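# 3D, please:
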Amino acid sequence: MTAAHLTSSPHAPAPAAAHPLDQPAMAALTGPQAGFAEWQGRVARFPADVAPWLALPAEPEQRDWADLAALVGPGGEFALAATTEVTGPEGWAETFRVPGVQLVDDGVRARPDEEAVPLGPDDVPEMLDLVGRTRPGPFMKRTVELGGYVGIRRGGALVAMAGERLRPTGYAEISGVCTDAAYRGQGLGGRLVLAVAAGIRERGEVPFLHTGADNTGAIRLYEALGFRLRRHVSFFGLRVPTDA
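Coordinates of the predicted model:
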């Protein structure tokens, strides 16, 4: 379930931000999910088949971009989530940029759901199929290893799911929330969010989540469930030049 470090990093940074949710990927990869971390200098990432997120120091220097290029490889693409403006070096192409929001538990009515069943590696083909049809955000072949995935089945088919992704110390991100189009409007997504939140709470951690800033329907749902806006974020991708 874990990935070997590409390079040893005895000086791997503790999260530089004042709050773990200000740099959740770095806080996760230097904390509870350190076993997944692949390091090059001060730059870390999840294995590409687990999650696309890469973590830079709070104020990246030229050497950090060079280490990032070595970690990802010439022509490689990666994703970042930033709460402050980050600009790649000259010649690094931006492949996408999505304004987003970060919401955190503010009295979420977390509770288990009797219909929710645990999902694991054997369920990945169905999970990938559902994700492919609903596009809730990045979900790879090994994302399920990040834990906490549950789903609802109807007639034996997986029709809704949700789980966990980033786990900065003291927190856990709810992610992969999606429902088959034929079953929307029944509240399945909200029920699964509350079920995943209940599991997070049982560990003594705080649920949080991200979504696109223009996804107003999801934001209204999450706020109705008891989440509040913490801050705005930006999700964006960069491509390393082929001659880097």
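
# show me what counts as buried in the helix-or-strand element of the chain with minimal mean pLDDT.
Taking mean pLDDT, DSSP states H and E as the measure, the chain has strand 77-82 as its least confident helix or strand, at a mean of 90. By neighbour count with 16 or more other CB atoms under 10 Å, strand 77-82 contains the buried residues 78, 79, 80, 81, 82. (Glycine included, C-beta is placed from N, CA and C.)

# for that strand, packing partners?
Where contact means 3 or more CB pairs under 8 Å, 6 or more residues apart in numbering; DSSP states H and E, strand 77-82 is packed against helix 24-29, strand 54-55, strand 227-239.

# just to revisit the earlier point, save the buried residues of strand 77-82 as TSV, and put in distance to residue 136 too.
Output for those, formatted as TSV (distance: CB to CB, whole Å):
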residue	distance to residue 136
78	20
79	15
80	19
81	16
82	21
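
# of those residues, closest to residue 174?
residue 81 (14.9 Å; CB to CB).

# how near is the closest one to residue 126?
Using CB to CB, to the nearest Å, residue 81 is found at 27 Å from residue 126.

# repeat that for residue 107.
For residue 107, the distance to residue 126 - CB to CB - is 33 Å.

# for residue 104, same thing?
30 Å.

# ok, now residue 189?
Where residue 126 is concerned, residue 189 sits at a distance of 17 Å (CB to CB).

# more neighbours: which of the two?
residue 189 (23 against 17; other CB atoms under 10 Å).

# that one touches residue 162, doesn't it?
Yes: at 6.9 Å, residue 189 counts as touching residue 162 under the criterion of CB atoms under 8 Å.

# contact partners for residue 143?
Residue 143 is in contact with 50, 51, 163, 165, 176, counting by CB atoms under 8 Å, 6 or more residues apart in numbering.

# closest to residue 208 among these?
residue 165 (10.3 Å).

# so what's the closest one up against?
Counted by CB under 8 Å, 6+ apart, residue 165 has contacts 51, 143, 146, 173, 174, 175, 176.
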